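Asker: Structure for the following, please:
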Amino acid sequence: GGHGGGMAKPILVLEGITSMAVSAVICYVGTSLAKAWGMPGQSITLITGITVVLATALPRLMAPLVGSAQGLAQILMQVFYATIGASANVGLVVRTAPVLFLFSFIALAGHLLLLLALGRLAGFTRRDLLLASNANIGGPSTVAGMAAAKGWTSSLVPGILTSTLGYAIGTFIGMGLGHTVLTKF
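Answerer: From the prediction side, this is the model:
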């Protein structure tokens, strides 16, 4: 969202309702499969997989829904953020923020140093490594912003696609690893 240029598309009633219906069906199927397979905590993984498969396999069928779906998603994300903000304990946030900032700094610095060192050994350019790091940490929107801001237009689409693929693959690996660790220990 935001001010990325171009006019925002309006939310059309038919496309909006269809988007919500498709989302509800995907969520129902993913949750039902997870329960049937004895892994109710994995429903988000299955929902992600179904969504990626549908968007990849049926792009022309899903394309008309994109504008309204994005608009509805932005509205619902704002409701989500408001809910989280309203329930936040400001005192707790202020007390724990320094420790969280230190932890984040150490984790991100370690990530960047390791990525730059191993990437240089593998022969990647600094530009590609910085975009890969951004895609890993910030996701598609931040890697697109970085590529555009630096004038690296040839890396814009590959960065977005790589980051999105990383989200799709990372969701399955993370959830699978979490499920395995929690069931074994």
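Asker: distance of Phe185 from Gly178?
Answerer: According to CB to CB, to the nearest Å, Phe185 stands 11 Å off from Gly178. From N, CA and C alone the C-beta is placed, and that goes for glycine too.
Asker: Which residue of those two possesses the greater neighbour count?
Answerer: Counted by other CB atoms under 10 Å, Phe185 and Gly178 do not tie: Gly178 has more neighbours, with 13 against 5.
Asker: May I ask which helix or strand encompasses that one?
Answerer: helix 156-184 (DSSP states H and E).
Asker: what helices or strands is that helix leaning on?
Answerer: helix 43-57, helix 126-138, helix 140-150 (3 or more CB pairs under 8 Å, 6 or more residues apart in numbering; DSSP states H and E).
Asker: quick check: angle from that helix to helix 126-138?
Answerer: Orientation note: helix 156-184 sits at an angle of 50 degrees relative to helix 126-138 (axes from the mean of the first three to the mean of the last three CA atoms, to 10 degrees).
Asker: Touching, Leu72 and Leu12? I think so.
Answerer: No: between Leu72 and Leu12 there is no contact under CB atoms under 8 Å: 10.5 Å.
Asker: Look at those two and report which has more neighbours.
Answerer: Leu72 (18 against 15).
Asker: so where's this structure uncertain?
Answerer: With pLDDT under 70 as the threshold, the chain has low-confidence stretches at 1-8.
Asker: Now do the closest residue to Asn136 other than its chain neighbours against Arg120, distance only.
Answerer: Excluding the flanking residues, the one nearest Asn136 by CB to CB, 6 or more residues apart in numbering is Gly166, at 6.4 Å. Using CB to CB, Gly166 is found at 21 Å from Arg120.
Asker: For these two, indicate the residue with more neighbours.
Answerer: Gly166 (17 against 12).
Asker: follow-up on the earlier one: in TSV: the helices and strands packed on helix 156-184, plus distance to Ala97.
Answerer: As requested, the helices and strands packed on helix 156-184 are arranged in TSV below (distance: least, CB to CB, whole Å):
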stretch	distance to Ala97
helix 43-57	28
helix 126-138	19
helix 140-150	22
